[in-house]
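**Q** Just to be clear, the model below is a prediction. Sequence and coordinates:
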Amino acid sequence: MVNYKDLGLVNTREMFAKAVDGGYAIPAFNFNNMEQLQAIIKACAETKSPVILQVSSGARKYANQTLLRYMAEGAVEYAKELGWEHPQICLHLDHGDTFELCKSCVDFGFSSVMIDGSSLPYEENIALTKKVVEYAHQYDVTVEAELGVLAGVEDDVVAEESHYTKPEEVIDFATRTGCDSLAISIGTSHGAYKFKPEQCTRDPKTGKLVPPPLAFDVLEEVEKKLPGFPIVLHGSSSVPQEYVDIINSHGGNLPDAVGIPEDQLRKAAKSAVCKINIDSDSRLAFTAAVRKVLAEKPGEFDPRKYCGPARDEMVKLYKHKIIEVLGSDGKAE
Ligand code: G3H
Ligand code: 13P
Ligand code: ZN
């Protein structure tokens, strides 16, 4: 049993309480490799932003859970080396799907876990979430749950209203599970193709897709039912078109990739939303930078020469998100 407190990590409780009061959101950035982690820590150290480092199942398979946990432990020391005296870093399991997986993360030094029972029938989601909460709280590990279904990129149906979180369920769900935060569905989705062209309009000048707005009415209803309760948004990449254009003009092919406009995320961050998940934008920044270097310097074969610029681009992206979108800069001095 490893306690996250001994690793210098923190859970989400205090971060979220301050974020809800302060009208900003904590960045939750996924990491899969050293360059992403370095970029996240550098951006957060330079802006003094609290941060949630997320490890997905895909990341565990790609990079190994043990290695990722030690990397997060190293990240705390790296943050201090960069001059961030009191780093507030949470290590979080993203989309945990079983009690056993959540337990293994709690036992291994994670400070927060998500149990994603959103695809289960309501009562089963409650039972599974409650079981994880009861275990995790013994070690002061915080638990994120999910209610409502996010449209997936592979869905071949347009997301209906019924995919959204039902506000009338949230009090019962939060009370009976004891979860610390709740991910809701208001129209965001994972990946770089969040909306199908038929769900969007097209800007006649640029030819780019303009996505439909998020369901702020659902968010407001949830907020009324659970005042001050931490709400989480998954699938919140904005899919910056400058990266899509660089990728497409340097041998890539991402037609009609579209995300959530940043002004809508800023609006959400000012409300009860206190955790915003961003993964795809970092992948796009990385890929754009790598494609550019390799296209311009075909003789380059030292990974540091293309992973280095990719890392620099991700630092820029993370700082932009922290300062311009989430408003979490200066909140972890
Ligand atoms: O929620 C999805 C995250 O972007 C993680 O994706 O499972 O491909 O690592 P992944
Ligand atoms: P994006 O694919 O929009 O970056 O969402 C990431 C996410 O929700 C991770 O849980
Ligand atoms: Zn997610």
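**A** It's in. Numbers count the residues shown, from 1 in each chain. Ligands and ions are numbered 1, 2, ... in the order given.
**Q** secondary structure class for residue 176?
**A** The three-state assignment at residue 176 reads helix, by DSSP: H, G, I helix; E, B strand; the rest coil.
**Q** Tell me which helix or strand the nearest residue to it once chain neighbours are set aside sits in.
**A** Sequence neighbours aside, residue 126 is the residue nearest to residue 176 in space, at 5.3 Å (criterion: CB to CB, 6 or more residues apart in numbering). In short, each C-beta sits where N, CA and C put it, glycine included. Using DSSP states H and E, residue 126 maps to helix 122-137.
**Q** Buried residues in that helix, which are they?
**A** 125-126, 128-130, 132-133, 135-136 (16 or more other CB atoms under 10 Å).
**Q** And residue 208, what's its pLDDT?
**A** Residue 208 is assigned 86 on the pLDDT scale.
**Q** cool, residue 44 as well?
**A** pLDDT, residue 44: 98.
**Q** Check whether the helix or strand where it lies comes near ligand 1.
**A** Residue 44 is part of helix 34-47 when elements are defined by DSSP H and E. No - against ligand 1, helix 34-47 shows no contacts by CB under 6 Å from any ligand atom, the least distance being 11.1 Å.
**Q** With stretch 86-98 instead?
**A** Yes - for stretch 86-98, a contact with ligand 1 is found by CB under 6 Å from any ligand atom, at 94-95.
**Q** what sits against the residue in the stretch 201-333 of the chain that ligand 1 sits nearest to?
**A** Nearest residue of the stretch 201-333 of the chain to ligand 1, counting by CB to the nearest ligand atom: residue 279, 3.4 Å away. Applying CB atoms under 8 Å, 6 or more residues apart in numbering to residue 279 gives the contacts 29-30, 54, 56, 190, 237.
**Q** Please list which of those also come close to ligand 1.
**A** Checking these against ligand 1 (CB under 6 Å from any ligand atom), the matches are 30, 56, 190.
**Q** Quick one: name the residues of this structure near ligand 1.
**A** Near ligand 1, when you scan the chain using CB under 6 Å from any ligand atom, you find 30, 56-59, 94-95, 190, 279.
**Q** among the residues you listed, which are in reach of ligand 2?
**A** Okay, of the residues of the chain next to ligand 1 touching ligand 2 (CB under 6 Å from any ligand atom), that's 30, 94-95, 190, 279.
**Q** tell me the average confidence for the helix holding residue 126?
**A** Averaged across helix 122-137, the pLDDT comes to 98.
**Q** Could you point out the helix or strand that follows that helix?
**A** Downstream of helix 122-137 (by DSSP H and E), the next one is strand 142-147.
**Q** CA atoms only for that following strand - export them in PDB, please.
**A** Taking C-alpha atoms only, strand 142-147 is exported to PDB below (Å, rounded to 0.1, in the frame of the first residue of the first chain):
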ATOM      1  CA  THR A 142     -11.400  11.300  -4.100                       C
ATOM      2  CA  VAL A 143     -13.800   9.700  -6.600                       C
ATOM      3  CA  GLU A 144     -15.300  11.100  -9.800                       C
ATOM      4  CA  ALA A 145     -18.400   9.400 -11.100                       C
ATOM      5  CA  GLU A 146     -20.300   9.900 -14.400                       C
ATOM      6  CA  LEU A 147     -24.000  10.200 -15.200                       C
END
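**Q** Let me know the secondary structure of the residue in the stretch 1-150 of the chain positioned nearest to ligand 2.
**A** Nearest residue of the stretch 1-150 of the chain to ligand 2 (CB to the nearest ligand atom) works out as residue 94 at 4.6 Å. At residue 94 the chain is in strand, as set by three-state DSSP.
**Q** hmm, back to that, hey, C-alpha coordinates of the helix holding residue 44 in CSV?
**A** Extracted in CSV, the C-alpha atoms of helix 34-47 (Å, rounded to 0.1, in the frame of the first residue of the first chain):
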residue,chain,number,x,y,z
MET,A,34,7.7,11.8,-20.8
GLU,A,35,7.4,14.8,-23.2
GLN,A,36,3.7,15.3,-22.4
LEU,A,37,4.4,15.1,-18.6
GLN,A,38,7.3,17.5,-18.9
ALA,A,39,5.2,19.9,-20.8
ILE,A,40,2.3,19.8,-18.4
ILE,A,41,4.5,20.3,-15.4
LYS,A,42,6.5,23.1,-17.0
ALA,A,43,3.3,24.9,-18.0
CYS,A,44,1.8,24.5,-14.5
ALA,A,45,4.9,25.5,-12.8
GLU,A,46,5.2,28.6,-14.9
THR,A,47,1.6,29.6,-14.3
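**Q** Report the rounded mean pLDDT for the next helix or strand after that helix.
**A** Remark: after helix 34-47, the chain's next helix or strand is strand 51-55, criterion DSSP H and E. Averaging pLDDT along strand 51-55 gives 98.
**Q** Give me the local confidence score for the residue of the stretch 1-150 of the chain closest to ligand 2.
**A** Predicted confidence (pLDDT) for residue 94: 98.
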